[in-house]
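Colleague: Mind folding the following:
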Amino acid sequence: ATATATARATSTTRLYAAPQQRRLTERQLQFWEDVDDGLGDVEKAYPNQSIERIRTFAASARGDIDPPIPGAVEGHLPSEEHVEGLTALPFWESDAALKGGGEGAGEGAQELLCFPWAAELEEKSGIIREEFEGVLREAADTNDEGGMFAGDSAWQNKVMGEGWSAFRLQRLGEWNAENCAKFPETYSILRSLRIPLAVRGVCFARQLPGSGVAPHTDGRNFILTSHLGLNVPESEGAGGGKDDDTKNDGGPRKGPWIKVGTETRKWTEGKLVTLDTSFEHSTGNPTRGVRDVLIVDFWHPELTEAERASLEFVYDLRNKFERGEIPVRKPRSVILAAERKEQEDKDGGGLGGLWKSLTGGGGGESGESGD
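Modeller: Reported below is the predicted structural model:
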C-alpha cells in the first residue's frame, strides 16, 4: 500500500509543472490538452458563469505563469494550484456568511451562510461519535484497532508524523464502499447534508498521545477543511488535575491544539473547527489520551458552481491519468509541430526555403547558378 501511494504521489507531480518548469513532457501536454477540452465543455454547460479564474489556475499549475507570491496574509503559503480572489482566513467560523449574499445576489439580498450544513452536522455529532466508538470497540475485541488506522496514511508519516493516522471514508472524490459499510449512519448523515465535498475527501483522523504534526501547507486555497471533535482529551495540570486552558492566542498549549498561520485553537467534542490548509498549520497532543476527529474537505464557498465543476473535472481527470485509465496519445501540439517541421523541410526550411522560391533554387552566395 505504501509503494502504491508513493507512486501515485509521484505521478501526480509529473502531471503538473515543477517550480520554474517551462518544458512539459508529452504526457503532461496530453493531460493539459484534455483539461483545456474539458474546460471548454464546462463553459458550454454554464454559459452565464465565467471560469476565467480556473483557466488562470491551469496556467499557473501548468507552469505558464508564475505561482502566487506568499505572504499577502501572514502564514498563507498558496501553491501553484491556486484560484485568485478567494478570501484567505486561517480559521472560519461555522456561522460565517458569504460576502454580498453570494453569487448573483443583488442589493438587499438575504445573507447566505458559507456552511449551511455545519449546524446540523454538529447536532448529529453524538450519532457519529457513538457509531465511531462502537466500531472501535469491535476492532479492539479483534485486536484490529491499530490496523484500522494504519492502512491508508502510512506514506504520510514523513509530513504528518508517526502519531497521526486516518481511516478514510472518501478519497479523491470516491467513496470507499468497504469502509463506509462500517459507518452506515455517518455515511448517511454526510450524504444527506449535501456538503460540497472536495477532492481530498473525508476521514476519521487520530493523533496519539505525545505526538504532533510538523508545520506544513497543502497549498490549495480553494479547499477548506472542517474537523468535528469526537474524542478530545482534557488538559492536565502540573498536579495531574484538569486544567481549563481555553486560550486561542498562540501561547502555551496544554491540551490538544491546532495552529493555523499565527492563531492557535483547541478542538471541542461535538463542535467544528474549520480551517484553510493553504496556511502553514501544525498540531500537537501533549496529553495522555488519544484525540479523534472527523475531517471533511469541501470547496471554498466563494467558488461559483461552474468553477467547482471545472475543478472537479480537472482532479477527476488527474486521478484517471494516475490510474492509467487514459490511453497514451501523441499531443496535438506535438503533431502540429512535427507537421510544420516536415513542411519546412519540404520547402527547404525557413529563410533558405524563401530564398530558393525567390531565386528559382539558386545555390551560390551571390544568388547566381554555380555553372
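Colleague: how about the longest strand anywhere in the chain: buried residues?
Modeller: Across the chain, the longest stretch assigned as strand under DSSP state E is strand 197-207. Using 16 or more other C-beta atoms under 10 Å as the burial criterion, the residues of strand 197-207 that qualify are 197-207. C-betas here are computed from N, CA, C, even on glycine.
Colleague: Give me the distance from the helix or strand following it to the chain's centre.
Modeller: Using DSSP states H and E, the helix or strand that follows strand 197-207 in sequence is strand 211-216. For strand 211-216, the separation from the chain centroid amounts to 18 Å (computed by C-alpha atoms, centre = their mean, to the nearest Å).
Colleague: hmm, who's touching strand 211-216?
Modeller: 159-164, 207, 259, 280-285 (C-beta atoms under 8 Å, 6 or more residues apart in numbering).
Colleague: cutoff 6 Å now
Modeller: Contacts of strand 211-216 with the rest of the structure, by C-beta atoms under 6 Å, 6 or more residues apart in numbering, involve 159-161, 163-164, 280, 282-285.
Colleague: Could you give me the buried positions within that strand?
Modeller: In terms of neighbour count (16+ other C-beta under 10 Å), strand 211-216 has its buried residues at 211-213.
Colleague: That strand pairs with which strands?
Modeller: If you go by DSSP bridges, strand 211-216 pairs up with strand 281-285 (antiparallel).
Colleague: Which strand or helix spans the residue nearest to residue 228 when sequence neighbours are not counted?
Modeller: Leaving aside its chain neighbours, residue 228 sits nearest to residue 294 (4.2 Å; criterion: C-beta to C-beta, 6 or more residues apart in numbering). Taking DSSP H and E as the criterion, residue 294 maps to strand 291-299.
Colleague: moving C-terminal of that strand, what's the next helix or strand?
Modeller: Once the chain leaves strand 291-299, the next helix or strand it forms, by DSSP H and E, is helix 305-322.
Colleague: Taking strand 291-299 as reference, get the angle to that next one.
Modeller: Taking axes from the mean of the first three to the mean of the last three C-alpha atoms, to 10 degrees, helix 305-322 and strand 291-299 form an angle of 110 degrees between their directions.
Colleague: What is the lowest-pLDDT residue among the contacts of strand 211-216?
Modeller: The member of those with the lowest model confidence is residue 159, at 70 (criterion: pLDDT).
Colleague: Show residues contacting the strand holding residue 294.
Modeller: Residues beyond strand 291-299 that count as contacts (C-beta under 6 Å, 6+ apart) turn out to be 195-198, 200-207, 223-232, 256, 285, 308.
Colleague: Direction included, what does it pair up with?
Modeller: Taking DSSP bridges as the criterion, strand 291-299 sits next to strand 197-207 (antiparallel), strand 223-231 (antiparallel) in its sheet.
Colleague: Alpha carbons of it, as CSV, please.
Modeller: C-alpha atoms of strand 291-299 as CSV (Å, rounded to 0.1, in the frame of the first residue of the first chain):
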residue,chain,number,x,y,z
ARG,A,291,-7.5,12.6,20.0
ASP,A,292,-10.0,11.6,17.3
VAL,A,293,-11.8,13.9,14.8
LEU,A,294,-13.8,13.5,11.7
ILE,A,295,-12.2,15.5,8.8
VAL,A,296,-14.3,16.8,6.0
ASP,A,297,-12.8,18.7,3.0
PHE,A,298,-15.1,20.9,0.9
TRP,A,299,-14.9,23.6,-1.8
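Colleague: in that strand, what counts as buried?
Modeller: Applying a neighbour-count criterion of 16+ other C-beta under 10 Å, one finds 291-299 buried in strand 291-299.
Colleague: one step back: among the contacts of strand 211-216, filter down to the buried ones and hand me the PyMOL syntax, if you would.
Modeller: The following PyMOL command selects only the buried members of these, with burial defined by 16+ other C-beta under 10 Å:
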select buried, resi 160+161+163+164+280+283+284+285
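Colleague: Would you reformat the contacts of strand 211-216 as CSV and include distance to residue 313?
Modeller: Below are these laid out as CSV (distance: C-beta to C-beta, whole Å):
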residue, distance to residue 313
159, 28
160, 29
161, 34
163, 36
164, 31
280, 29
282, 33
283, 32
284, 38
285, 38
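Colleague: quick check, nearest of the contacts of strand 211-216 to residue 52?
Modeller: Looking at the contacts of strand 211-216 and their distance to residue 52, the nearest is residue 280, at 28.7 Å (C-beta to C-beta).
Colleague: measure the residue lying closest to residue 148 once chain neighbours are set aside to residue 149 for me?
Modeller: In this structure, residue 148 finds its nearest non-sequential neighbour in residue 139, 4.9 Å apart by C-beta to C-beta, 6+ apart. Taking C-beta to C-beta, to the nearest Å as the measure, residue 139 and residue 149 are separated by 9 Å.
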